[in-house]
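Chemist: can you look at this prediction? I've put the sequence above it.
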Amino acid sequence: MRGPRTLFATHYQELTQLEKHLPRLRNFSVAVKEWNDDIVFVRRVVPGPADRSYGIQVARLAGLPISVIDRAKTILVRLESDDSSVTLPTPAPTARPKKKITVEPVDDSQLNLL
């Protein structure tokens, strides 16, 4: 069995380590140009894994709220400094849906004909 010929993954850096253990595996990434805190994908595939994660910049490009981007930056700074004291807000203990949701059974009588 030959195995898969191509595997695409994003934000899964652990996969890049497989190249050390599997002789047929090769890492490639999309080239990126950085300017200040922005990135531009230059539409060129280059050998090797990405030099770092661009998740925050991609989130900004995708239009996530600035509050989410800023919180991600704060967490990233702490993680990169080996500060494990990142605290996340706890949900309210009485959080319940405002409306009861019921799921009606599906009428699959037409499927019985097949």
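Modeler: Yes, it's here.
Chemist: need the helices for the chain, in chain order.
Modeler: Taking DSSP state H, the helices of the chain run over residues 55-61, 66-80.
Chemist: mean pLDDT and mean neighbour count added to these, as CSV?
Modeler: All C-beta spots, glycine's among them, are computed from the backbone N, C-alpha and C. Compiled in CSV, those are given as follows (pLDDT from 0 to 100; neighbours: other CB atoms under 10 Å):
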stretch, mean pLDDT, mean neighbour count
helix 55-61, 89, 15
helix 66-80, 89, 12
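Chemist: from Lys33, how far off is the nearest residue in space to Val32 that is not next to it in sequence?
Modeler: Closest residue in space to Val32, ignoring its immediate chain neighbours: Ile39 at 5.1 Å, by CB to CB, 6 or more residues apart in numbering. Ile39 is 7 Å from Lys33, where distance means CB to CB, to the nearest Å.
Chemist: quick one: which of the two has more around it?
Modeler: Ile39 (16 against 9; other CB atoms under 10 Å).
Chemist: bridged to the more buried one, which residues?
Modeler: Glu34 (DSSP bridges).
Chemist: so who does it touch?
Modeler: By CB atoms under 8 Å, 6 or more residues apart in numbering, Ile39 lies in contact with Val32, Lys33, Tyr54, Gln57, Val58, Leu61.
Chemist: 6 Å instead?
Modeler: Counting by CB atoms under 6 Å, 6 or more residues apart in numbering, Ile39 touches Val32, Tyr54, Gln57.
Chemist: take the residues you listed and lay them out in JSON lines including distance to His21.
Modeler: What follows is these, written out as JSON lines (distance: CB to CB, whole Å):
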{"residue": "Val32", "distance to His21": "26"}
{"residue": "Tyr54", "distance to His21": "26"}
{"residue": "Gln57", "distance to His21": "30"}
